[in-house]
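Trainee: just a sequence and a predicted model for now, questions to come.
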Amino acid sequence: MFARKKKTETKGGIAETVKTVVYALLIAGIFRTLFFQPFWIPSGSMKDTLLIGDFLFVNKMAYGYSRFSCPFAFCPITGRIFERAPERGDVVVFRHPVTGADFIKRLIGLPGDTVQLRNGVVFINGQEVPQTPAGTFTETYERQGPMGEYPRCSNSPVGDGGVCETERLTETLPNGVTHEILNIDSNGYADNTDVYQVPDGEYFFMGDNRDNSEDSRFSQAVGGVGFVPAEYLIGRADRIIFSSAGRSLLYFWTWRPDRFFKAVE
């Protein structure tokens, strides 16, 4: 009798453990679906704010629900309910209006703004956005991340294992938000543009690595981002959770502990 009772209790304990695990996974899934979305940085278009191999969570509740962040049928199918309107300088994850791929860029132009670049300097509504020198960004010239791409350098050509240098500047947007950008060339195709008029309900995004970013400066017809409607915004990037410079998470010697839990600014 004693042995049979013990066996029954063991089965009951296993069943309870399985139920607990299932409930935990369901709660985690709901939490992820409603509030946060993980995002892995695959390219260098946002250096040096975000590096290849940074892993962060996107705050999907930062701006309210859109059709790409709401998991329920009763959420708006078109348009967006803003609890807090996106602000100039936010680092935002959004869905590409044509390809459906997820992108992460910095919000530069708001609805109704004009945006233009002259010799690599941004002009918003005709006013120059100040840039001040902020030293030099350096990294090793080697293949980076799962895609194995080499970085672009101001001091090219650089051999494998050499020091890749890029001019770093601090940019101050009209609302006082400051952030760093990288500049390789001030006279490239995307450094001198026509005036972009941002339509109502749409936004203009740029990468912080200005000469290595296909963003709103490039039209959707040529594979660029173009203007992004509000309903395609997924959320705001707030904090880096984990970071690895290697091509695999298993390469623990390539982890960047100084970037763990770092705020995205």
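Mentor: Received it, and whenever you're ready, just let me know what you need.
Trainee: surely residue 254 meets residue 145?
Mentor: No: taking contacts as CB atoms under 8 Å, residue 254 lies outside contact range of residue 145: 10.3 Å. Heads up, the C-betas are built off the backbone N, CA and C, glycines and all.
Trainee: so between these two, which is more surrounded?
Mentor: residue 145 (20 against 14; other CB atoms under 10 Å).
Trainee: any residues in contact with both of residue 254 and residue 145?
Mentor: In terms of CB atoms under 8 Å, 6 or more residues apart in numbering, residue 254 and residue 145 are both contacted by the residues residue 53.
Trainee: would you map the helices across this protein?
Mentor: 2-34 (DSSP state H).
Trainee: what residue is smack in the middle of it?
Mentor: residue 104 (3.1 Å; CA atoms, centre = their mean).
Trainee: beta partners of that one?
Mentor: Assessed by DSSP bridges, residue 104 has beta-bridge partners residue 93.
Trainee: can you tell me what sits against stretch 240-251?
Mentor: 50-57, 143-146, 148, 253-256, 259-264.
Trainee: if you set the cut-off to 10 Å instead, what comes out?
Mentor: 36, 38-41, 49-57, 139-140, 142-148, 252-264 (CB atoms under 10 Å, 6 or more residues apart in numbering).
Trainee: separate out the buried members of the residues you listed.
Mentor: Buried by 16 or more other CB atoms under 10 Å: 36, 39-41, 49-57, 139, 144-145, 255-256, 259, 264, out of these.
Trainee: surely residue 144 meets residue 44?
Mentor: Yes: counting by CB atoms under 10 Å, residue 144 does reach residue 44; the two are 7.0 Å apart.
Trainee: overlap in contacts, these two.
Mentor: 51, 52, 150, 151.
Trainee: and of those, the nearest to residue 118?
Mentor: Distance ranking of the shared contacts of residue 144 and residue 44 against residue 118, using CB to CB, places residue 151 first at 25.8 Å.
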